[in-house]
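**Q** only geometry, no sequence info:
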DNA sequence: TACCAGGAGAGCG
DNA sequence: CGCTCTCATGGT
């Protein structure tokens, strides 16, 4: 592998690639060949195939590559997961969530792609979001170089490109009432009213406000972008799944007011609340669902914490 | 068929 | 505030 500019082994431990790439934070990864599992995707305009191996993650590109920082940054292979999990509060729900999927990670995605993807995510299932994003890329993104054994692939369309297409064309990507929101975001970025790069230097709260100025972007979607693209690890998106987890696991008596809930989120989960959120989300969607068939996995009485 | 999906915004009392 | 309704589309 030395000197091979198309392939690299990224050494990392405690990294569940499959869970991370299919956990609803990114929507462009396609698993192929269940016998020898690997994942095809496009990052920053480059096609890449990833596979988990004993020592870490093997990546293969279609074009030669001397500097792999774009990939290690995306995958966040440098973060010390052990240290992050250690900051979680010690309670039964989080212990179960971490045990159910050790190695689940947060990615560091491109802000524009992340923003548009999550604008399209509202009241959509993950498979549908994947379809919308696929159509968006295939219809409006630049084709990228792929190896002979891979499916054709496209980069995520630029703000300028999406600002130029008609709303009806966006609706053709099956995003429905979200089309004008995507168009407005594209125009805000293209016109310079929203500088996505500048958000990096902002506080989490200021960046949240800037994003929330966009139509179709409320607290939930803003928090997704803050967490998945900018790495604000205290951002805590609350969707239907996480709300379900919070209510069942932490507020089993009566449902808290929005203000009470927000205060709980801000104070309880600690500096890596976003990671905690991702574990709860994944647990509710997967491990807990399976538990319907094997109820023994789930304790019937999760300790009441509040 | 009916229900609902990693929501947001507007209209209401 | 807190509730309800609507928006568009397709998976299950």
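**A** Ah, there it is. The structure presented is a predicted model; accordingly, all values stated were derived computationally and were not measured. Residues are numbered from 1 along each chain as shown, chains lettered A, B, ... in the order given.
**Q** make it CA atoms for all contacts and neighbour counts henceforth
**A** Fine.
**Q** quick one: the strands in the stretch 1-150 of chain A?
**A** A:7-11, A:30-32, A:38-43, A:46-53, A:56-61, A:143-144 (DSSP state E, counting those that start in this stretch).
**Q** lowest average pLDDT across those?
**A** When these are compared on mean pLDDT, strand A:30-32 scores lowest, with a mean of 90.
**Q** strands paired with that one, and their directions?
**A** Paired strands of strand A:30-32, with direction, are strand A:38-43 (antiparallel) (DSSP bridges).
**Q** the partner strand: how far from the chain's middle?
**A** Between the centre of strand A:38-43 and the centre of its chain there are 14 Å (C-alpha atoms, centre = their mean, to the nearest Å).
**Q** just the angle between that strand and strand A:56-61, please?
**A** Here the directions of strand A:38-43 and strand A:56-61 differ by 60 degrees (axes from the mean of the first three to the mean of the last three C-alpha atoms, to 10 degrees).
**Q** for residue A:69, give its distance to residue A:13.
**A** Distance, residue A:69 to residue A:13, by C-alpha to C-alpha, to the nearest Å: 18 Å.
**Q** residues near the residue of the stretch 1-150 of chain A found nearest DNA strand B, how many?
**A** Per C-alpha to the nearest atom of the strand, residue A:125 is where the stretch 1-150 of chain A lies closest to DNA strand B, at 2.4 Å. Neighbour count of residue A:125, defined by other C-alpha atoms under 10 Å: 10.
**Q** and what of residue A:97?
**A** 22.
**Q** list the contacts of it.
**A** Neighbouring residues of residue A:97 by C-alpha atoms under 8 Å, 6 or more residues apart in numbering: A:279-280, A:282-283.
**Q** quick one: contacts of stretch A:153-164?
**A** So stretch A:153-164 is in contact with A:42-47, A:112-113, A:136-138, A:140-146, A:182-187, A:189-190, going by C-alpha under 8 Å, 6+ apart.
**Q** among these, which lie within helices?
**A** Secondary structure assignment by DSSP state H places A:112-113, A:136-138, A:140, A:182-187, A:189-190 of the contacts of stretch A:153-164 in helices.
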